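Colleague: how would this look folded up:
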Amino acid sequence: MTGWYSITATGPIAIGNLTPIGQNSGQVGCRFPPNGHHLAACVNLPSHCQLWGPFWYYSRSLYLILPNPVYTTDIDRDQDTLPNNFYRLQWQNNRWIVQDQHLEAYLNEDIEIIGSQYLIKASFLKEFWNVGGIEIENTDEDAHPLQPFPWQTLVLSHNSREDFQVKDEGGFFAEMATLINPSWSIAIKIIGNYDDERPGDYERSKPPKWGSLGAGNVPVVINPIPKQRSESWEWLGDSIDSSTGGILLTGALWQLGKQKISVPFPNDVSFSNNLVKTYAAEMAIPWQSWKKTKNPLKSNQSVKKLIPGEWLTPAGAVYLWNDPSIFNQSGPLLDPYNRHVLGYGHLWLFKDEDKS
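Modeller: Just a heads-up that it's a prediction; the model follows:
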């Protein structure tokens with residue numbers, strides 16, 4: 001049934017690439033967080049349902065990636081200490097610049113760009129973006145609106161094996177995996193019932209309680225998040241008239257029309273109308289997708305193969321629109337390949353009074 005759920009891993013997760021099926025992560029590295037294909041497989045998502053995410057869940061709070069154009073003047077803090085203030089860059093005179101009160105600090109190189117390096121509590125993001133900055137008085141780390149990424153990459157070593165037998169004693173190969181900090185979970189919202197044909201069967205109308213995630217099929221626990229706790233997160237799908245920009249909350253796969261060319265910003269029919277005035281985004285992540293092609297040996301059959309050359313724009317990107325914007329509904333943008341139903345390209349729209 002429609003609602004928010006937490007996915008808690010019981011061990012390190014190995015996600016070798018960004019496809020529905022993980023490859024040998026020792027060959028291609030370990031990508032994190034898991035994308036919509038992995039999450040859909042984990043919760044056994046029916047084709048008529050949709051999901052939002054991945055987001056992060058800790059201590060009854062929802063966390064999102066800190067938007068990219070964010071800086072702090074608290075550069076003298078210890079390396080492991082969270083910044084006590086942070087502000088968002090503004091677009092003026094065709095460039096991203098610091099706010100007026102921080103121009104001197106900028107000239108003295110006393111600012112640090114921290115966007116996309118932390119998670120921000122969802123309840124603070126809306127206020128922070130509207131006000132333009134937050135100064136923290138409470139130094140309690142658990143109460144801080146920012147948190148460091150709650151995961152780290154591990155390199156696991158194994159005996160070299162062949163046919164499940166140790167091939168060379170002392171011969172090892174390395175495998176990369178990701179370990180999530182205790183008490184942290186992945187958060188998603190599932191929209192729709194699992195079995196519309198049996199609406200009276202409660203057990204069949206919701207996700208399973210257990211699943212697996214990653215190339216190693218690491219067991220995970222799937223729990224519903226109480227409605228009274230999660231209903232305050234619904235603003236992530238707010239509608240807004242005449243939005244001036246949007247924040248990318250989940251990784252996006254956008255293409256230039258019907259061409260197999262990835263672009264780092266939403267385009268759709270508006271690309272020709274010069275929709276995006278500017279954007280700030282991290283470097284794109286290599287992506288591989290599945291495509292059905294004719295079997296060269298049997299023309300009446302099709303085969304699936306990986307198609308390289310696409311790129312995924314990481315969460316945290318910020319976009320400003322040229323007027324007027326055609327977007328008026330926050331959420332995953334419609335995608336011609338229906339990847340929005342798996343949560344890709346979730347934009348939260350905002351409206352700045354100052355459009356300079």
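Colleague: Residue 153 touches residue 177, doesn't it?
Modeller: Yes. Here residue 153 reaches residue 177: they are 7.3 Å apart, a contact under CB atoms under 8 Å. For glycine as for every other residue, the C-beta is placed from the backbone atoms N, C-alpha and C.
Colleague: the more surrounded of these two?
Modeller: Neighbours were counted for residue 153 and for residue 177 using other CB atoms under 10 Å; residue 177 has more, 23 against 12.
Colleague: Does that one lie in a helix or a strand, and which?
Modeller: In the assignment (DSSP states H and E), residue 177 maps to strand 172-180.
Colleague: Repeat that for residue 264.
Modeller: Following DSSP H and E, one finds residue 264 outside all helices and strands.
Colleague: what do you get for residue 297?
Modeller: Per DSSP H and E, there is no helix or strand for residue 297.
Colleague: ok, it - contacts?
Modeller: Shown in contact with residue 297 (CB atoms under 8 Å, 6 or more residues apart in numbering): no residues.
Colleague: Distance of it relative to residue 178?
Modeller: Note on residue 297: its distance to residue 178, by CB to CB, to the nearest Å, is 39 Å.
Colleague: Over to residue 210?
Modeller: Between residue 210 and residue 178 the distance is 20 Å, computed by CB to CB.
Colleague: what's the answer for residue 56, then?
Modeller: The gap separating residue 56 from residue 178 is 13 Å, by CB to CB.
Colleague: swap in residue 127?
Modeller: According to CB to CB, residue 127 and residue 178 sit 31 Å apart.
Colleague: who's more crowded, the two?
Modeller: Between residue 127 and residue 178, counted using other CB under 10 Å, residue 178 has the larger neighbour count: 21 against 10.
Colleague: looking at it, the more buried one is touching residue 15, isn't it?
Modeller: Yes. The pair residue 178 and residue 15 passes the contact test of CB under 8 Å, sitting 7.1 Å apart.
Colleague: okay, now the closest residue in space to residue 216 that isn't next to it in sequence: neighbour count?
Modeller: Excluding the flanking residues, the one nearest residue 216 by CB to CB, 6 or more residues apart in numbering is residue 14, at 4.8 Å. As a burial measure, residue 14 scores 25 neighbours (other CB under 10 Å).
Colleague: Wait, residue 14 touches residue 154, no?
Modeller: No. With contact defined as CB under 8 Å, residue 14 and residue 154 do not form a contacting pair (9.4 Å).
Colleague: Spit out the residues that contact these two alike.
Modeller: Common neighbours of residue 14 and residue 154, using CB under 8 Å, 6+ apart, are 176-178.
Colleague: So what's the predicted local confidence for residue 309?
Modeller: Note on residue 309: pLDDT of 61.
Colleague: tell me how far stretch 184-196 is from the chain's mean position?
Modeller: 16 Å (CA atoms, centre = their mean, to the nearest Å).
Colleague: cool, and stretch 70-87?
Modeller: Counting by CA atoms, centre = their mean, stretch 70-87 is centred 23 Å from the centre of its parent chain.
Colleague: circling back to that earlier point, would CSV of the shared contacts of residue 14 and residue 154 with pLDDT be doable?
Modeller: Output for those, formatted as CSV (pLDDT from 0 to 100):
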residue, pLDDT
176, 73
177, 82
178, 88
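Colleague: The lengthiest helix in the chain: which residues count as buried?
Modeller: Using DSSP state H, we find that the single longest helix of the chain is helix 122-131. Neighbour-count burial for helix 122-131, counted by 16 or more other CB atoms under 10 Å, picks out 122, 124-125, 128-129.
Colleague: How about stretch 96-103?
Modeller: Buried, per 16+ other CB under 10 Å, within stretch 96-103: 96, 98-99, 102.
Colleague: Now the element after the lowest-mean-pLDDT helix or strand in the chain, going C-ward?
Modeller: Ranking every helix and strand in the chain by mean pLDDT, DSSP states H and E puts helix 25-28 at the bottom, with a mean of 38. Sequence order places helix 36-42 as the next helix or strand after helix 25-28, per DSSP H and E.
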